[in-house]
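In: here you go, sequence then predicted model.
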Amino acid sequence: MTFALESNVANDVRECLRVYDDVDILSDINNEQAQKAAEALLFSLKHFGKNANLKPFSFVSQAALPKQFPADKNRDRADFLISIKEGGTKLAQLFYEKTESGLNLFLKTKGRALKKEDIILQPLKAEKLLICVGLPSLDYSTGNNAFYNYFVLNIDNNNQNKHFGDINMVYPGEQLEIIVFSLIKEIVRDFWQNQFVSQAYQNESGHKEKPLLLRVVSRLMWKPQKELLFCPLSLMDFRATGTTAKNLAFVLKQIVNGPFLFQRFLLLWEQNSSPLTVKGVFFARYKDDVFAVLSQRFASQAHTNACALLFDTGYSTLTQAEKEIANFL
């Protein structure tokens, strides 16, 4: 099951994630797939130091929500909005005075006295990133304009989605978890390419492992039904990155302890030998039936301090090995 973002969308997503450190995630509490995808995204963003929060959202009927963001040219021209709740007060006159230190606004009212809590200063430029997962539309018409100061990333698989976001990742027919996983891969590659990698790899071997780590990320696939993170590596992947299977130890550590939320991780690779063989490593958060079956089916060696299994598949191609192991998963 493969899915990849278009390059222009991927570039836009990477850029907005560089800009915003504060991220709120909305997902429909009645949509189990959306909730799982949102939790995985939250885990990844927190791993890279983002101030991320998941805010479950009870989606009401689509008919009750506006079809699109309401057009407002004044908002596009301004940086701030001053809102005055009149209530029993009527605004009769407004004038201003420019001073050396700033600006004074004067209001003349009729009726009930105006209180300071009736005056609201609201920034109009996006201050935070809002990621919506599995919401066909979003209500921008709330009394306090709750979503106006967000830059909105809209992720959905519903063909009725209103494309309400500043960036829209709407792919009808795809699984939400797969769409979000493609986003997580972009986040991981960008952070490891530009931040983590440049700081962590100080020696010669580390610099050698960098391209292999990024290659593994690009090859990663997500299988939601099995809660399995899967990566196949061919001999050509090693040759293209100037590495061998000996360089996998560090890479595996980064994946297992890294930004992906999963229960199981399977890596298969072609071993440069004669004849060619496919080896694998299986990691589980806890020892389950799959772990037991793999250890019995293949010649294997379990790691003493973790639920990790190194094994020889006995096959000469990745396709054969993956097909055989799929029977146990």
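Out: Looks like it arrived, so ask away.

In: just the strands in the stretch 1-150 of the chain please.
Out: Using DSSP state E, counting those that start in this stretch, the strands of the stretch 1-150 of the chain run over 22-28, 51-57, 80-84, 89-98, 103-111, 119-123, 128-133, 150-156.

In: just those strands: most buried one?
Out: Mean neighbour counts were compared across the strands of the stretch 1-150 of the chain using mean count of other Cβ atoms under 10 Å; the top stretch is strand 128-133, at a mean of 25. For glycine as for every other residue, the C-beta is placed from the backbone atoms N, C-alpha and C.

In: centre of the chain to that strand, how far?
Out: 10 Å (Cα atoms, centre = their mean, to the nearest Å).

In: which stretch in the strands of the stretch 1-150 of the chain is the model least sure about?
Out: Between the strands of the stretch 1-150 of the chain, the one with the least mean pLDDT is strand 119-123; it has a mean of 66.

In: on that earlier part again, residue 250: which of the strands of the stretch 1-150 of the chain is closest?
Out: Nearest to residue 250, of all the strands of the stretch 1-150 of the chain, is strand 51-57, at 26.9 Å by Cβ to Cβ.

In: by contact count, what packs against that closest one?
Out: Under the contact criterion of 3 or more Cβ pairs under 8 Å, 6 or more residues apart in numbering; DSSP states H and E, strand 51-57 touches strand 22-28, helix 32-47.

In: redo that, cut-off 10 Å
Out: Other helices and strands packing on strand 51-57, by 3 or more Cβ pairs under 10 Å, 6 or more residues apart in numbering; DSSP states H and E, are strand 22-28, helix 32-47, strand 128-133.

In: strands paired with the first one, and their directions?
Out: The one in question is strand 22-28. Take DSSP bridges as the rule and strand 22-28 pairs in its sheet with strand 51-57 (parallel), strand 128-133 (parallel).

In: remind me which residues of the stretch 101-250 of the chain are low pLDDT?
Out: Applying pLDDT under 70 to the stretch 101-250 of the chain flags residues 121-126, 139-148, 195-207.

In: same thing but at 50, please
Out: The stretch 101-250 of the chain contains residues with pLDDT under 50 at 141-145, 197-205.

In: pull the contacting residues for residue 264.
Out: Counting by Cβ atoms under 10 Å, 6 or more residues apart in numbering, residue 264 touches 223, 226-230, 282-286, 288, 290-291, 307, 329.

In: so how far is residue 229 from it?
Out: According to Cβ to Cβ, to the nearest Å, residue 264 stands 7 Å off from residue 229.

In: can I get the strands paired with strand 22-28 in a markdown table with distance to residue 269?
Out: Listed next are those as a markdown table, based on distance: least, Cβ to Cβ, whole Å:
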| stretch | distance to residue 269 |
| --- | --- |
| strand 51-57 | 33 |
| strand 128-133 | 33 |
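
In: and those: which comes nearest residue 36?
Out: Checking those against residue 36 by Cβ to Cβ gives strand 128-133 as the closest, at 9.6 Å.

In: not counting its neighbours along the chain, what's nearest residue 20?
Out: Nearest non-adjacent residue to residue 20, counting by Cβ to Cβ, 6 or more residues apart in numbering: residue 129, 3.8 Å away.
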